[in-house]
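>>> any chance you could fold what I've pasted below:
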Amino acid sequence: MRVLFAGLASAGHTYPLIPLAIAARDAGHEVHFAAGEHVHPPLLRNGLRPFRPADAFYEIYAEDLEPELARLRPDLVVHEWGLPGAAIAAERAGIPGLWHGFGRMIPEGIGLQQPTRAGGAPDRPHLDICPPSLQDKGFLATAERVELRPVPYSEPAPRVERTTRPLIYLTLGTAFGTPEILTTAIEGLAPLGGQIVVATGRVRPEELGTVPDNVTVRAWISQAELLPHVDAVVHHGGSGTTLGALAVGVPQLILPQGADQFANAEALVAAGAALSIQPGELGTEAITGHTRSLLPHHGNTGHRDAARAIAAEIARMPSPGEVARDLPQWARPS
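Numbers count the residues shown, from 1 in each chain. A predicted model of the protein is given here:
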């Protein structure tokens, strides 16, 4: 069977699809991946045959993909939530398709079209990587969902040497970080006495100036490798970091900046697995106090226990390998 995956050319949108694409490849299917060239290196390293449709850089429109569908003649198209154009092109070509989520259902009004019939996109099944306890209740009630365990994917990076101190991971992702917010967060975390590891993303490490001795700053961290060893995560609330931390049962402090981050923060706080600081309340003292209450050596294990309960829920979801074996049931009959 030939499967075409399609994603926006960013880590937050393409990386969630990679575990299933690898599993489909390992199951013996021929896998191709439509995306802008920015994300081609990890796709190439995993043998996923990436290509850039037309002149696509980030977004892919239906008109970009239609000639490629005629060329490849895939049996199934797996298109992530950020690409309604891919769903439209597949429907026009008569090719079955599956939506692939990257977290909770996209809130309205954040600049991405909701992948539902009400939003004008084709009504197709959803590969849903969000644990049901955190998913939007309206989406749970109305969508045809196929549960898929979220498996963090990260590019290799130099290993961070561990110490015996509590490990706190700080990131604001690749789209929303600023030197000012990262500096404020570092100043709030450093007094806790733990080992602080910072992934700066879009911010150059030198923009942060001199940092305390217990702070390690890197432009890029292998998040999937680091998270199982972390005691708390302080981050922006992006879906990838949110689900990655939940999968290993780590409590989170969320500093939402935009997009779906406010909705993610609200859901995790309600579940007891996280605390949140809104932009107007962000300051060093707030970060110090909130993070201290998440660290188990300070005696408060409630948030960690809630995160571990969600981790157990995630572990019960079908793995990418299990879902890959079932992909032929949604494909075009041969």
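>>> which ones are touching the spatially most central residue of the chain?
The geometric centre of the chain, computed from its C-alpha atoms, lies nearest to residue 240 (C-alpha atoms, centre = their mean), at 2.0 Å. Listed by C-beta atoms under 8 Å, 6 or more residues apart in numbering, the contact partners of residue 240 are 11, 12, 15, 16, 102, 103, 152, 173, 223. The C-beta positions use only the backbone N, C-alpha and C, and glycine is treated the same way.
>>> tell me which stretches of the stretch 1-150 of the chain form helices.
11-14, 18-26, 40-45, 62-72, 84-92, 137-142 (DSSP state H, counting those that start in this stretch).
>>> what sits closest to residue 215 if chain neighbours are left out?
Taking C-beta to C-beta, 6 or more residues apart in numbering, and ignoring the residues beside it in sequence, residue 215 has residue 196 as its nearest neighbour in space, at 4.4 Å.
>>> try residue 190
Spatial nearest neighbour of residue 190, chain neighbours left out: residue 212 (4.3 Å); criterion: C-beta to C-beta, 6+ apart.
>>> switch the helices of the stretch 1-150 of the chain over to CSV; also include distance to residue 276, mean neighbour count and mean pLDDT.
As requested, the helices of the stretch 1-150 of the chain are arranged in CSV below (distance: least, C-beta to C-beta, whole Å; neighbours: other C-beta atoms under 10 Å; pLDDT from 0 to 100):
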stretch, distance to residue 276, mean neighbour count, mean pLDDT
helix 11-14, 19, 24, 92
helix 18-26, 28, 22, 98
helix 40-45, 31, 16, 96
helix 62-72, 37, 17, 96
helix 84-92, 30, 23, 94
helix 137-142, 20, 12, 92
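>>> residue 162: which of these is closest?
Checking the helices of the stretch 1-150 of the chain against residue 162 by C-beta to C-beta gives helix 11-14 as the closest, at 24.3 Å.
>>> centre of the chain to the closest one, how far?
The chain centroid and the centroid of helix 11-14 are separated by 7 Å, computed with C-alpha atoms, centre = their mean, to the nearest Å.
>>> shaky segments in the stretch 1-150 of the chain?
109-111, 117-120 (pLDDT under 70).
>>> apply 50 and report the result again.
Along the stretch 1-150 of the chain, the model assigns pLDDT under 50 to no residue.
>>> and the longest helix for this structure?
Longest helix in the chain by number of residues, with DSSP state H as the criterion: helix 302-316.
>>> still on that earlier bit, list the residues that contact the residue nearest to residue 215.
168, 170, 186, 189, 190, 212, 214, 215, 216.
>>> can you tell me the helix or strand for it?
Under DSSP states H and E, the secondary-structure element containing residue 196 is strand 195-199.
>>> and residue 287, by the same measure?
Element membership of residue 287, judged by DSSP H and E, is helix 284-294.
>>> mind listing the strands in this structure by residue range?
Taking DSSP state E to define them, one finds strands in the chain at 2-6, 30-34, 50-51, 76-80, 97-100, 126-128, 145-147, 167-171, 195-199, 215-218, 232-235, 252-254, 274-276.
>>> can you lay out the ones you listed as JSON lines showing distance to residue 286?
Formatted as JSON lines, the entries for these read as follows, by distance: least, C-beta to C-beta, whole Å:
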{"stretch": "strand 2-6", "distance to residue 286": "40"}
{"stretch": "strand 30-34", "distance to residue 286": "41"}
{"stretch": "strand 50-51", "distance to residue 286": "42"}
{"stretch": "strand 76-80", "distance to residue 286": "34"}
{"stretch": "strand 97-100", "distance to residue 286": "36"}
{"stretch": "strand 126-128", "distance to residue 286": "33"}
{"stretch": "strand 145-147", "distance to residue 286": "36"}
{"stretch": "strand 167-171", "distance to residue 286": "14"}
{"stretch": "strand 195-199", "distance to residue 286": "16"}
{"stretch": "strand 215-218", "distance to residue 286": "18"}
{"stretch": "strand 232-235", "distance to residue 286": "11"}
{"stretch": "strand 252-254", "distance to residue 286": "9"}
{"stretch": "strand 274-276", "distance to residue 286": "10"}
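>>> for residue 40, find the nearest of those.
Across the strands of the chain, closest to residue 40 is strand 50-51 (C-beta to C-beta), at 4.4 Å.
>>> list the neighbouring strands of that closest one plus their orientation.
Its sheet considered, strand 50-51 pairs with strand 30-34 (parallel) by DSSP bridges.
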